Each structure stands twice: as C-alpha cells, then as structure tokens.
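> Could you look at this predicted model? Sequence included:
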2 protein chains.
Amino acid sequence: MTAFGFDFMAREGMARRGRVTTAHGVMDTPAFMPVGTAAAVKAMRPEEVAATGAQTILGNTYHLMLRPGAELIAELGGLHRFMAWPGPILTDSGGFQVMSLTDLRKLDERGVVFRSHIDGQKHELTPERSVEIQDLLDADITMQFDECPPADWPEHKVADSTRLSLRWAERCRTAFRERPGYGLFGIVQGGVFDALRRESARALAAMDFPGYAVGGLAVGEGQAEMFRVLEVTTPELPEHKPRYLMGVGRPEDILGAVARGIDMFDCVLPTRSGRMAQGFTSQGEVNLRNARHRRDPRPLDAACGCSTCTTHSRAYLHHLFRAKEILAPMLVTHHNVHYYQHLMRGIRAAIQDGGFAAFAEEVTARRAEGDIAAL
Amino acid sequence: MTAFGFDFMAREGMARRGRVTTAHGVMDTPAFMPVGTAAAVKAMRPEEVAATGAQTILGNTYHLMLRPGAELIAELGGLHRFMAWPGPILTDSGGFQVMSLTDLRKLDERGVVFRSHIDGQKHELTPERSVEIQDLLDADITMQFDECPPADWPEHKVADSTRLSLRWAERCRTAFRERPGYGLFGIVQGGVFDALRRESARALAAMDFPGYAVGGLAVGEGQAEMFRVLEVTTPELPEHKPRYLMGVGRPEDILGAVARGIDMFDCVLPTRSGRMAQGFTSQGEVNLRNARHRRDPRPLDAACGCSTCTTHSRAYLHHLFRAKEILAPMLVTHHNVHYYQHLMRGIRAAIQDGGFAAFAEEVTARRAEGDIAAL
C-alpha cells in the first residue's frame, strides 16, 4: 500500500520541485491539473489528456453529486473507472460552486442547503457529506468543505467566514476515512486580509493536513493582490506538504505563484478557452476566429509539438470554428492542455537546474511579444 | 504516376471484392466512405478516422465552395492537406444539396443559381463549375453534376430530369481535366422507373466513365424499391468499373446492395447517429439516452473492439449525453464509424471466402435480435 506523501527534489528560492505520491500514482510538481468537471475533461478522451503529460485531473463534487450521483459512481467502481482515468484524481468539496448559486442556497453552521441547477431538487452539503461524497468518488485528494467569500466582503464578514471554514476543516478531518495513498487538504481562506490569512494558515497547519490549498483567490482581486496574499500565506504553511492554489490561472499567474511556493494548480482556462477559439501560445493568446487567420497556412504555435500544431494550419482551425465543427474545440483544447503541461515541464526542469527565475522571465517576455505578424 | 483503376479479387454471385486505385492510395471494396462534409468527419480527428480502417472519405462540394471556398482550399494545397487526410477523397458534385434548397434555386439547362444558406449570397453551379471546384479541391474521385429528382415526381418529369443529367454528364466529361490517379464518375438517375434507369445506365456506359454511381435512391422509396432498381441498373453497368450507391445507408441496405453488385457507399448515418446518442451494434441500434443504461457497466457492444467499447461503459456514455459533454458524440461517433468499417471488412473477407450470403444472413439475423436485456 502506497502512503500519501510529498517529496522534495529541488528548490530555488521559494519555488519547489517535488512529487506527490497517491494511491493511483504520482504527480510531479509544480503540476497543472486539467479540470474534468462532469467526469470528463471537456472535448478530450482520457488517453489524450494523459498523452499531454497531465498526471492528475480534477473532478467537481457539486456536478457529480447531482449527475450522475456519488452513490452511482461508487457502485460503478469509483470515478477512476467510471471516466477511465487511471491516474490520481483530486475533487473539490462542492463548496465553491454551491456558494455561487446565490439565489438557491441557505448557509449556516451545519452546512449549505441548495437547489440543483438541473432540476431544482433540494440538496444538503455539509463538511461530513462533502467528505463522504469524495470518498464515494474515490478521490485520491479530498478537499475540505469551506466557504469562499466574495472579493467585495468587508473584513469582519471575511473573518466570520474564515473561522467557519476552520470549524468545517476540523469536521472534515474527523469525517475523513484514512486510507493509504489518500489525502485530505485543508484550505486557507481569509480574503485579502493578511492577519486572517495568517490565522487561517496557522490554524490549519496545527491540524496537520497531508496538504494545503490556498482558496478564495482569483475571484477578482487582481494578480498583484493575489501574489501579495501568497507572500503572507505560504511562509505559514509546513514546508514538507504540497500547496495547491485553487482555480489559477493564466501562465503568468502560475509562474508568479510557483515563485511564491505553490506546487499545484487547476483552472478551466485551457479547456474553456479551447472551446472559445482561444489558443495559448509561446507568444501569447490567439483568437482563431479572427479573419486574419483565414488564409494562414502556419500552425497555431510553431514552437509547439502537439498533434494539433504539427498537423493543422491556422486557416483550418479558423474554418472549423466558423463551420461550428466539433473538431474545432477538440483540436484547440488539446493544444491548450498540451501547452499548459509543456509549461509545467519547463518549470520543473528549470527549478531542477536552478534556472527558474530566468525561465519565468523568458516565458513572460516572449508571451508579451504578442502573436506573429499576419501574412 | 498511378493510373486510376479498379481490380477484381473475387466475386460471389453479383457481389464483388475489389480494389480502387487512386492518386492518394487504394480503397478496398466493398467500401464505406465516412462523410466529411465541411472538411472534417464530424467529431473525429483524421488519424482516428484512418485508424477505424476507413480508406476514403467524402467531401461536399456545396459546403466547401461556400465555406471556406474552393479557391482558398486550392491555395492551401488542396483538400487533403487542408484537412490532413492523406488518403483518397471523393467529392460530390454539389447538385444534391443545391436541389434540396427548394426556395433558393433556379434550375435550367445551363445549371443552377442559388443563394447560400450561410449569407444569402448568389452562386451558380454548372457542370463545368462543379468539375472545376472538385479539381480545385483535388478530389481523387469527382462526381458528375446531376439533378436528383424527388421520390414523388411522375415519370415524365423524372424522364426530363434524367435526360438533363445525361447532357450534364457529357459536359462534365468534357470539362474534366485528366490526371493520372484521378477519375470522374457518371451518375445513373431515373427514379423508380426501370426503363429510365436502363436508359441512363446505358447512355453513361457508352460515355465510358472510370466509375459509375447510382443516384436518386434512399430518398424515401423504401428498401424493397431500392433493391429492385439496383437489380435493373447494375447489370447495365460495365463489369470492370467501380459502382457507388450514393447516400446509403443502414447496414442491412449495404448488405443487400453489395449482393446486387455495388462496391462503394457513403452515408451520414454513423456520424450523425453518433451525435444523436444512437450506437450501431451487432444486435441492432441502441439509444444511449435511454434510462435503462444509467447503471449499466457493460460496453455499448461487447462484440466490438473499438476504443470506446473496450474502455467505456454504457452508464458512462449515458451520463456524457445527459451532461451534454462533447466527449459523448466523440466516443459514439468513433464507435459507429468503427462499426461500419468492421462490417465492410467482414463483407470483403466473406466474398473472398465465398461465404458472403451466409455472412449477410448472420449479420442481419443477429441485428434483428435487438439489444441485450437490461440489467
């Protein structure tokens, strides 16, 4: 039986090169985890996701509990078998998505009662039920149930919310069924308030979780604020545990967060952008719907080795989006997920070699150049 | 330089096992050609299409001339390069699709004037322009421009239409640019009227085309009528040229048409059905949206070796359709195209072994059994 763990391989400043071990395999960090909301990374087959180098994917408790249901997935052998993803899976707690159903919820000390966006049926999510659902899904990494306060809340409201999340963290710790290779992460909250972030991080560290997340960021506070919050937060977290920045982000956000001690990331950006015709490239983002690509025989990114870039032209991708072909989101999502994994491979190699600062600068400068000139 | 040609390898009754040679490779017959309407087989990457065993795909002149435009595709190196399909491509003439725009067209001896369904712009399609477009697309097999009369037309109207198509066949013959490995097919029309079918087939045979299609079927006349028309038509066509039944069909239609001397097929059924949650199986069609599949851990078709059936459960496919995941049409389209290619491999092997009649009976009987019992 594999123990859940985190090993260091190298560091450069605050940046860490490590490896998380789980019941379903390892994840090299810094890692980007593609989002597989409803038991699928949108527009990608699981073997394709793996081929990009992604080792862990993320599932959403909120979506899966409503459809097809956690008990059904358990009956069918767990989420790994259900979606044919043999590697590690991290699930969120459902909290973030339930909280965004402003009209549909009632939150108190016990948990949240809400109505499904699918059929209006009433459901309850508590720390205990969230942990139970993630156990039924067979998540390698379970996230504590927490409240994610909006960016515009005043300090006293964020303070109450942060302390509620801490009490919920304790309840999740108690409810979590220990199994070798499975781990529960606590989530640091506290908004943009340094004292609250420190209080949250210290209290969670004292509970000794197998890993820690930083939540409540990338909700509109801006990159500078986010980096500042990370600078006060990560020093409070135990060195030898993985740190996960939830829902982040753009390549530049990831580079900056790695420099501030973050090991794990997830974001819908590469997959959602792929469906919206936006391709991530070494020279910044490219909107493939733009008429400038109509006759362009060049690949989306000449520096990219993915099957989309080595096979297809911008002209073809542009045509597929105009013709509303399903192949369009398929090809660009594949490229974007590959791009993110390629970036993470570069980050890991650079930290290993002690060249991360230079790497981050080079990637950022190149991306700031903007797209190649039209033909 | 490869000459366009057709070789016989075996026959059993009217059924033929052969091979068409084109500038971009061979096609073993009887063959089913997946439809790639707008320069993409919907929801499939080209390498995936090839992996199912498909050797030739079909492109639609009507769609491609409007978007992205034949001249643009030529400028980008032709349709093979544009859509990254290195194998043979057959294009239709645009006639069938233009004729279905009843409100948008004006047809006379010269050709058809119509308005684009995309932007309302006026276009003209004549035998000469249709052949020119197919040449610009670099189609290995060019189809003559013809009129496809509706199933409910009286004999005198079908007769006029059939003779117009014959005059257009002559004009296409003249307009076609001969190149090694490229061929032009004449299309037999004549509705359900035996005398007209014979007249059309004989007149086209006298023009000596590299191949012949039977058009104007599968437009509502029913399978029995279609088979009867084939029985009067194929004996009039030259033995040593390939015969293509356009737009057909269901597996049972294909088996019956092969038995009546047809070598090539195309149909949107496997791809369109894949997007509509309908899977073709050895025991008939299965609607994956049906609630009976909700908890079913079994594959769509246990007899199928495709990646969808060897990887995913009916429960998962059902879930993906309910959740409107792009992966749903991707997986079921893949299965359906694989199913059709597997059927064609079986047909070819059976003719080779002299066991086609028994094979057709067995496949048909098995499919008539209906789906496996619910769990």
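Cool, got the structure.
> which stretches of the stretch 151-300 of chain A form helices?
With DSSP state H, counting those that start in this stretch, the ranges of helices along the stretch 151-300 of chain A come out as A:155-175, A:194-207, A:223-233, A:251-258, A:269-275.
> For the first one, name the packing helices and strands.
Think helix A:155-175. helix A:127-137, strand A:183-188, helix A:194-207 (3 or more CB pairs under 8 Å, 6 or more residues apart in numbering or on different chains; DSSP states H and E). C-beta here means a position set from N, CA and C on the backbone, and glycine is covered the same way.
> Adding mean neighbour count as columns, could you present the helices of the stretch 151-300 of chain A in TSV?
Output for the helices of the stretch 151-300 of chain A, formatted as TSV (neighbours: other CB atoms under 10 Å in any protein chain shown):
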stretch	mean neighbour count
helix A:155-175	19
helix A:194-207	19
helix A:223-233	18
helix A:251-258	23
helix A:269-275	22
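> Make TSV from the ones you listed and add mean pLDDT and distance to residue B:89 to it.
Below are the helices of the stretch 151-300 of chain A laid out as TSV (pLDDT from 0 to 100; distance: least, CB to CB, whole Å):
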stretch	mean pLDDT	distance to residue B:89
helix A:155-175	98	58
helix A:194-207	98	60
helix A:223-233	98	48
helix A:251-258	98	39
helix A:269-275	98	27
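> In CSV: these, plus distance to residue B:272.
Formatted as CSV, those follow (distance: least, CB to CB, whole Å):
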stretch, distance to residue B:272
helix A:155-175, 47
helix A:194-207, 53
helix A:223-233, 46
helix A:251-258, 39
helix A:269-275, 22
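> on that earlier part again, the helices and strands packed on helix A:155-175: which one's closest to residue A:240?
helix A:194-207 (11.4 Å; CB to CB).
> quick revisit: of all the helices and strands packed on helix A:155-175, which lies closest to chain B?
helix A:127-137 (13.3 Å; CB to the nearest CB).
> quick one: is stretch A:359-375 near chain B?
No: Stretch A:359-375 does not reach chain B (CB under 8 Å from any CB of the partner chain); its nearest approach is 11.4 Å.
> mind listing what's buried in that stretch?
Using 16 or more other CB atoms under 10 Å in any protein chain shown as the test for burial, stretch A:359-375 gives A:359, A:360, A:363, A:367, A:371.
> Helix, strand or coil: sort out the residue nearest to residue A:294 when sequence neighbours are not counted for me.
Sequence neighbours aside, residue A:318 is the residue nearest to residue A:294 in space, at 5.6 Å (criterion: CB to CB, 6 or more residues apart in numbering or on different chains). With DSSP: H, G, I helix; E, B strand; the rest coil as the basis, residue A:318 sits in helix.
> these two touch, right, residue A:318 and residue A:297?
No: applying CB atoms under 8 Å, one finds residue A:318 not in contact with residue A:297, separated by 11.2 Å.
> Neighbour count for these two, which is higher?
Between residue A:318 and residue A:297, counted using other CB atoms under 10 Å in any protein chain shown, residue A:318 has the larger neighbour count: 23 against 14.
> residues in contact with that one?
A:288, A:289, A:290, A:291, A:293, A:294, A:296 (CB atoms under 8 Å, 6 or more residues apart in numbering or on different chains).
> In these, find the pair that's most separated.
A:289 and A:296 (12.9 Å).
> Stretch A:86-106 and chain B in contact?
No: Stretch A:86-106 lies apart from chain B when judged by CB under 8 Å from any CB; the minimum separation is 10.7 Å.
> average pLDDT across that stretch?
Averaged across stretch A:86-106, the pLDDT comes to 88.
> which parts of that stretch are buried?
Neighbour count says stretch A:86-106 has A:87-99, A:104 buried, by 16+ other CB under 10 Å.
> Endpoint to endpoint, that stretch covers what distance?
Start and end residues of stretch A:86-106 are separated by 37 Å (CA to CA, to the nearest Å).
> And stretch A:208-225, by the same measure?
Stretch A:208-225 end-to-end distance (CA to CA) = 27 Å.
> for stretch A:77-91, same thing?
16 Å.
> what residues go with each domain of chain A?
Here the domain parsing of chain A from automatic domain parsing is A:5-267, A:274-367.
> Can you lay out the ones you listed as CSV showing distance to residue B:44?
Converted to CSV, those look like this (distance: least, CB to CB, whole Å):
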stretch, distance to residue B:44
domain A:5-267, 11
domain A:274-367, 7
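> what sits opposite the spatially most central residue of chain A in the beta ladder?
Geometric centre of chain A, nearest residue: residue A:266, 1.3 Å, by CA atoms, centre = their mean. Here residue A:266 sits in beta bridges with residue A:33, going by DSSP bridges.
> re earlier: can I get the buried residues of stretch A:86-106 in CSV including distance to residue B:18?
Converted to CSV, the buried residues of stretch A:86-106 look like this (distance: CB to CB, whole Å):
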residue, distance to residue B:18
A:87, 46
A:88, 51
A:89, 50
A:90, 54
A:91, 55
A:92, 57
A:93, 62
A:94, 59
A:95, 64
A:96, 61
A:97, 58
A:98, 62
A:99, 65
A:104, 63
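> and which of the residues you listed is nearest residue A:177?
residue A:91 (14.2 Å).
> Run through the bridge partners of the closest one.
residue A:59, residue A:142.
> Would you quantify the distance from it to residue A:146?
13 Å (CB to CB, to the nearest Å).
> next one: residue A:67
23 Å.
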